[in-house]
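In: Sequence first, predicted coordinates after that:
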Amino acid sequence: MIVNPPINSLRLILVPLTTLLLALGYYSYESYRALENYQEYIIHENELIEQELGDMILSYHDLEIENVSILNQLELTKAKIFNILDSIQNRKPDIDLVTSYKNQLSILKEENKRILNLVKALDRENDFLKKEVNSVGSELEYYKSNEEKHQTTVSKYKYAVAKYKRNNSALKKDNKGITERLDKAAKILPITMSISAVKRLKPNTIIVNTTSARRTKKLNLCFTLPKNHLTKKGKQTYYLQVIDPNSNVVGDLGAISIGDSNLIRSKTVSVDYANEKIEHCEFIEYSNKDKFIPGLYYVGLYNTEGLVLNTTLTLK
């Protein structure tokens, strides 16, 4: 009987080694498929957002607007859409960008809905006014041409005038409501917001950024106010809130009332607005000895009525 101990030992080594290599290969293939699916999802979401923005632009082509205030608001909304489309077409998509685009798209949809409702309201009121004017005019012409035949002409004429005055009074009330809605459209709202982690500041205000929580000294938050001639010039006040992964507010300045709720601020910002497009940046840091930790940071920009824009930042 011939015994081959070395060959048997080699078999004992090769069998588990082969199994290990097969398992490693399967894991690598599954990881590659997961990454590929994630990238396809990001690209698909990016394309859907781009398509929705394009459809919004096309919907404006059929509108016939004579009201200057609404026309200015429409141009402002178009500028916001083109800014987002430019970012989509020139920046590589990732989950943070897609989230930001979705948030901005949601705000734009609300603005679009408000503008279209104003246009429809004006069209209805203009049609109603034209019909009333034509109706009253026809009645007046009838009464005038038959004055000698109808003894009640004067009373009917007075009735027509009174009816016109009543309708005119109702239209004035409606126009007051439209004016109030236009006042809302004149409010200045930021259109973009970004945030980055700052490692250090070089001379001449050069900022060195980082994605490492351990190296982060402060956060740099920037937002853009659009051109809007409906808004009065002067100070515009906004409130920033940054929430860290432990649900603590970075740079806690205490709570203020926003609408029906309270907001714990990270910082209060005052911008000197002159009706032109302007980008404003602020540094935010902890007010105590707390340090930045890895994780997801939620960032919100508020005015006196509530949330205007939001975004996120991930530190490693």
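Out: Ah, there it is. Numbering: from 1, shown residues only.

In: ranges for the strands of the stretch 101-250 of the chain?
Out: Shown for the stretch 101-250 of the chain, the strands assigned by DSSP state E, counting those that start in this stretch span residues 192-202, 206-210, 218-225, 234-243.

In: now for those strands, which one comes closest to residue 21?
Out: strand 206-210 (38.6 Å; Cβ to Cβ). Any C-beta I mention is one placed from the backbone N, CA and C, and that applies to glycine too.

In: Could you check the angle that closest one makes with strand 218-225?
Out: 110 degrees (axes from the mean of the first three to the mean of the last three Cα atoms, to 10 degrees).

In: roughly how far is strand 206-210 from the heart of the chain?
Out: Taking Cα atoms, centre = their mean, to the nearest Å, the mean C-alpha location of strand 206-210 is offset from the chain mean by 27 Å.

In: Kindly spell out which helices and strands sit in contact with it.
Out: When contacts are defined as 3 or more Cβ pairs under 8 Å, 6 or more residues apart in numbering; DSSP states H and E, strand 206-210 sits against strand 192-202.

In: at 10 Å instead, please
Out: If you count contacts as 3 or more Cβ pairs under 10 Å, 6 or more residues apart in numbering; DSSP states H and E, strand 206-210 packs onto strand 192-202, strand 218-225.

In: Kindly report which one of those carries the lowest mean pLDDT.
Out: Mean pLDDT per stretch puts strand 192-202 lowest among the helices and strands packed on strand 206-210, at a mean of 89.

In: What distance do you get for the closest residue to residue 265 other than its chain neighbours to residue 48?
Out: Nearest residue to residue 265, sequence neighbours excluded (Cβ to Cβ, 6 or more residues apart in numbering): residue 253, at 4.4 Å. Noted for residue 253: a distance of 39 Å to residue 48, by Cβ to Cβ, to the nearest Å.

In: one step back: what's the neighbour count on the residue nearest to residue 265?
Out: Neighbour count for residue 253, taken as other Cβ atoms under 10 Å: 15.

In: ok so it is a helix residue?
Out: No. Assessed with DSSP: H, G, I helix; E, B strand; the rest coil, residue 253 is coil; it does not lie in a helix.

In: where's it relative to residue 242, distance?
Out: Residue 253 is 11 Å from residue 242, by Cβ to Cβ.

In: what touches both of those two?
Out: Residues touching both residue 253 and residue 242 by Cβ atoms under 10 Å, 6 or more residues apart in numbering: 265, 266, 267.

In: thinking residue 80 is in contact with residue 226, fair?
Out: Yes. Using Cβ atoms under 10 Å, residue 80 is in contact with residue 226, at 6.8 Å.
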